[in-house]
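Enquirer: just to be clear, the model below is a prediction. Sequence and coordinates:
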Amino acid sequence: MTTVTFHQRNGRMDGVVVDGHSGYADAGSDIVCAAISSTVGLLECTLNEVLGLSAPTRVKEEEAHLSLRLPTGLSQENEHTSQNLMVGLMVYLQALAQEYPDNLIVLLDDDDED
């Protein structure tokens, strides 16, 4: 199962971590993994290549792990855009998790809640 955890601090979505293989099918045929990988890849490319934000991204393929952190101190426009992108990714993955509940779980780690 793949677990996607979105991190939020002070009402600001500041990162996402993707862990594990979905287990839907064999590697190369896994549509759930492909959907997750392509949407997270789109987010990373949009943030870093299009907006030029230099959001740190770490990938450990052998462990099926990816983490992405939004930088702080963004302009108001880039902050607004990056927040919308993060929330859009979360909404999409939540819908995918409803369709494939045995293969994907989406969590929100809100550091404001204790």
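Expert: Structure received.
Enquirer: did I read that right, S67 in a strand?
Expert: Yes: secondary structure of S67 (DSSP: H, G, I helix; E, B strand; the rest coil): part of a strand.
Enquirer: how about the strands in the protein?
Expert: Counting by DSSP state E, the chain has these strands, from start to end: 2-9, 12-19, 57-60, 65-69, 104-110.
Enquirer: out of those, which comes closest to C33?
Expert: Closest approach to C33 among the strands of the chain is made by strand 2-9 (7.1 Å; C-beta to C-beta). Using the backbone N, CA and C atoms, a C-beta is placed for each residue, glycine as well.
Enquirer: tell me how many other residues surround the closest residue to L89 other than its chain neighbours.
Expert: Spatially, and ignoring its direct neighbours in sequence, L89 is nearest to L43 (5.2 Å; C-beta to C-beta, 6 or more residues apart in numbering). Applying other C-beta atoms under 10 Å, we find 20 other residues in the vicinity of L43.
Enquirer: check contacts around L43.
Expert: With contacts defined as C-beta atoms under 8 Å, 6 or more residues apart in numbering, the neighbours of L43 are 16, 68, 85-86, 89.
Enquirer: if we can go back for a sec, got the strands of the chain as a markdown table, with mean neighbour count, distance to H80 and mean pLDDT columns?
Expert: A markdown table is the format used below for the strands of the chain (neighbours: other C-beta atoms under 10 Å; distance: least, C-beta to C-beta, whole Å; pLDDT from 0 to 100):
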| stretch | mean neighbour count | distance to H80 | mean pLDDT |
| --- | --- | --- | --- |
| strand 2-9 | 18 | 16 | 97 |
| strand 12-19 | 19 | 11 | 97 |
| strand 57-60 | 13 | 21 | 94 |
| strand 65-69 | 17 | 18 | 96 |
| strand 104-110 | 16 | 20 | 96 |
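Enquirer: just for this structure, where's the confidence low?
Expert: Low-confidence segments of the chain (pLDDT under 70): 112-114.
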